[in-house]
Structure formats: C-alpha cells, structure tokens
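Colleague: Model the structure of this input:
(one chain, ligands or ions: 1)
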Amino acid sequence: MFRLILQVWATISKKEMYSSSKKILLFFIMALTAMPATASARGNATMGAEKAATCAACHGKDGHSVDPNYPNLAGQHQSYLVKALSDYRAGRRTNAIMTGFASQLSNQDIEDLAAWFSAQQGLQDLSIQ
Ligand code: HEC
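Modeller: The predicted structure follows:
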C-alpha cells in the first residue's frame, strides 16, 4: 500500500504541471487515503460486532457471558484477546471448545473481534471491593 503511494508520489513530483502547493495538497490527500488501511490492520470493531454473532451463545452479544463457565470478554485488553485467540488457533493454548472456534478465524477476524470486545464496558477492579 505505502509502496504504491510512494510510486504515485514520485510520478507526481516529476510532473511540472503541479505547483508545489498542489503537490503538498496531494501528499496530504494520499496520506489520508492510506490511513483506513492502517486502521483496519489493527481491527475494526464494527466488523468485529458482526463476526461476534458466533461467540454470543457463550460469551454474550457484547462479551458479558451468559454463564459463569464462560469467561467475560467485555473490556478485556485488545492485545490479550488477540493473543488468546492466536494461541488457541496455534495450539499453544488448548480447550476443546475454543480450539475449534479459533481455527475458523483469520488474522483479520481475530483483530476485529478483539477490537469489538475490548471496546465494551467490562472488567472491574476487584481489589477495591
Ligand atoms: C460453546 C461456547 C463458546 C463459544 C461459542 C465461544 N467460546 Fe470462547 N470460550 C469458551 C470457553 C469455555 C472458554 C474458556 C476456555 C479455557 O479455559 O481456555 C473460552 C475462552 C475464550 C477466550 C479466552 C478468555 C480469557 O479470559 O482468557 C477468548 C478470547 C474467547 N473465548 C473468544 C471467543 C470468540 C471470539 C468466539 C467466537 C468466534 C468464542 N470465544 C466462541 C466457550 C465458547
């Protein structure tokens, strides 16, 4: 993605028909266009909400579990969720149920699901109770 932008940028820079102010403007437009691609690589909570439909039966729609046997995911750190799901998928963490679900997930699914669950209200600080 960035390579492509650099190539386009190099072409524009050589063209004499663009004044330097137009070049600067074009540079910012290109930089802004590149941003959503970067954001989606880190997980998209809206996409995650849709993908979480499969998880709702146990973990609840927004990560508040329906039963104490299932861990709450709401408000959990995003990086923890990515690691947990990647570990199930890779077999570094084993669980009869979760290994099966995680094996269906792509890297992007994992990022999106983690973005969704971590954005929910959830974990409480039990140390003050
Ligand atoms: C049939 C019930 C069920 C479904 C459906 C399910 N899970 Fe789980 N999930 C569990 C159980 C049980 C555990 C605890 C496993 C363990 O002890 O490692 C768990 C654990 C997890 C953990 C680790 C939590 C922690 O605190 O370490 C994550 C993350 C997770 N599930 C995400 C998902 C996602 C995302 C989906 C949907 C794609 C999903 N689960 C679907 C039952 C389920």
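
Colleague: drop to CA atoms for contacts and neighbour counts, all remaining ones
Modeller: OK.

Colleague: helix or strand right after the least confident helix or strand in the chain by mean pLDDT?
Modeller: Within the chain, no helix or strand scores below helix 20-41, which has a mean of 58 by mean pLDDT, DSSP states H and E. Downstream of helix 20-41, the next assigned helix or strand under DSSP states H and E is helix 45-51.

Colleague: ok, then the element right after that next one?
Modeller: helix 56-59.

Colleague: Looking at that following helix now, give me its mean pLDDT.
Modeller: If you average the pLDDT over helix 56-59, you get 97.

Colleague: for stretch 78-88, same thing?
Modeller: 98.

Colleague: contacting residues around it?
Modeller: Outside stretch 78-88, the residues that touch it by Cα atoms under 8 Å, 6 or more residues apart in numbering are 73, 93-95, 98-99, 102-103, 110-111, 114-115, 117-118.

Colleague: Repeat that for stretch 119-127.
Modeller: Here stretch 119-127 has contacts from 45, 62, 63, 64, 72, 73, 74, 75, 76, using Cα under 8 Å, 6+ apart.

Colleague: doesn't residue 114 make contact with the second one?
Modeller: No - judged on Cα atoms under 8 Å, residue 62 makes no contact with residue 114 at a distance of 11.4 Å.

Colleague: Neighbour count: the two, which is higher?
Modeller: residue 114 (31 against 22; other Cα atoms under 10 Å).

Colleague: where's the more buried one, which helix or strand?
Modeller: Per DSSP H and E: helix 107-118 holds residue 114.

Colleague: Buried residues in that helix, which are they?
Modeller: 108, 109, 110, 111, 112, 113, 114, 115, 116, 117, 118 (16 or more other Cα atoms under 10 Å).

Colleague: Near the ligand, list only the ones from those residues.
Modeller: The residues of these that also fall near the ligand, by Cα under 6 Å from any ligand atom, are residue 113.

Colleague: Grab the two from the buried residues of helix 107-118 that are most spread out in space.
Modeller: Spatial extent of the buried residues of helix 107-118 (Cα to Cα) is set by the pair 108 and 118 at 15.3 Å.
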